[in-house]
Each structure stands twice: as structure tokens, then as C-alpha cells.
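Visitor: Sequence first, predicted coordinates after that:
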Amino acid sequence: MTHELRIEADDPARADVRALLEEHLRDMHALSPPESVHALDVGRLQRPDITFWSVRDGDTLLGCGALREIDAAHGEIKSMRTPQAQRRRGAGRAMLQHILAVAHERGYRQLSLETGSLPAFVPAQRLYTSVGFEPCGPFGDYRPDPNSVFMTLRL
């Protein structure tokens, strides 16, 4: 039986999503010093300037992602995550394409993100580079950080 990936607005407090976000935060804290962890917890993902989605295959959660509005022309990708056991199924790329489409619909002229600089983050950096993201300096409230890679895409 084959399923189609389904992306829909979701509640970060939903049990399986919350567990994925908690895994994400644990991993980020294991990889980076606390001042370099920019992953958002469930409460911060429920702010009105953030839209949050999950990607599923049937009832199986394959990942999540969020889009934060920095201003009317600039968005930030947040909380892109796929569970370790569900990687390499296309969910991350599907979520990224969805976020790009929403950014275009909203009329954003720029989309930016922060990811880690350690080898564990290279797959994420490659995914973003594959759709045109380029390295940039810190944006918004971010400051220079050797543990961060900042990337942006002109839309």
C-alpha cells in the first residue's frame, strides 16, 4: 500500500509532534552550546507570527516545519525536522517546497534560515543549497556565532 505525503497545518502540542520537537531540542542541545541553540519549543512555535505544519504518510509523522514572518517581505524557516527513523523518504524536501510556495504566496521577497555549522548539519545545508539558498550573515536578532550557518534565498 502506498501513501502520498500530506502536509497540513498542525498544532505543535499534538502528542507525536511534541515528541518530535522534544527530540529536536535534545539533539540541538547535545550538538551545540546552549547560547547557540535557536530551535523553538512548542510554546514559541504557537506564536501568531509562526505558521507550523506537519508532513505525514497516512498516520505516520514524517516531519515538521514552520515559517516565521520577520516582516512583510522576509520570512524565516524554523523547526525543519524529520525523525531519525523516517529520514530519506522525501519529507524534508517536500516540507521545504511547501514553505517556499507559502512564502511566494505571501509575497515575501526573501527567505532566510539558521542551521548548525557542525558536520551533523551538512545534510540540511545541502538540502537548502539544492534549492538556491546561499550563505549570508546573521539576520533579524541573530548575532555572529561559530556554531551557526546563516542562509538566505531571494524570491
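Guide: Cool, got the structure. If you're wondering where the values come from, they're calculated on a predicted model, not measured in any experiment.
Visitor: Strands of this protein, start to end?
Guide: For the chain, the strands defined by DSSP state E occupy 5-9, 50-57, 60-71, 74-81, 110-116, 134-136, 148-154.
Visitor: Make CSV out of these and add mean neighbour count and mean pLDDT.
Guide: All C-beta spots, glycine's among them, are computed from the backbone N, C-alpha and C. Output for these, formatted as CSV (neighbours: other C-beta atoms under 10 Å; pLDDT from 0 to 100):
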stretch, mean neighbour count, mean pLDDT
strand 5-9, 13, 95
strand 50-57, 20, 96
strand 60-71, 20, 96
strand 74-81, 23, 95
strand 110-116, 22, 96
strand 134-136, 12, 97
strand 148-154, 18, 97
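Visitor: want to throw those into a markdown table with distance to Gly90?
Guide: Below are the strands of the chain laid out as a markdown table (distance: least, C-beta to C-beta, whole Å):
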| stretch | distance to Gly90 |
| --- | --- |
| strand 5-9 | 7 |
| strand 50-57 | 9 |
| strand 60-71 | 8 |
| strand 74-81 | 13 |
| strand 110-116 | 19 |
| strand 134-136 | 23 |
| strand 148-154 | 20 |
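Visitor: for the ones you listed, which one sits closest to Glu22?
Guide: strand 74-81 (10.5 Å; C-beta to C-beta).
Visitor: what residues does the closest one touch?
Guide: Here strand 74-81 makes contact (C-beta atoms under 8 Å, 6 or more residues apart in numbering) with 12, 20-21, 23-24, 39-40, 45, 50, 52, 63-70, 92, 95-96, 99, 103, 106, 108-114, 124, 139-140.
Visitor: ok, now stretch 144-152?
Guide: 32-33, 35-36, 38, 110-118, 121, 125, 128-129, 133-139, 142.
Visitor: go with 6 Å
Guide: 32, 36, 110, 112-115, 117, 128, 133, 135-136, 138 (C-beta atoms under 6 Å, 6 or more residues apart in numbering).
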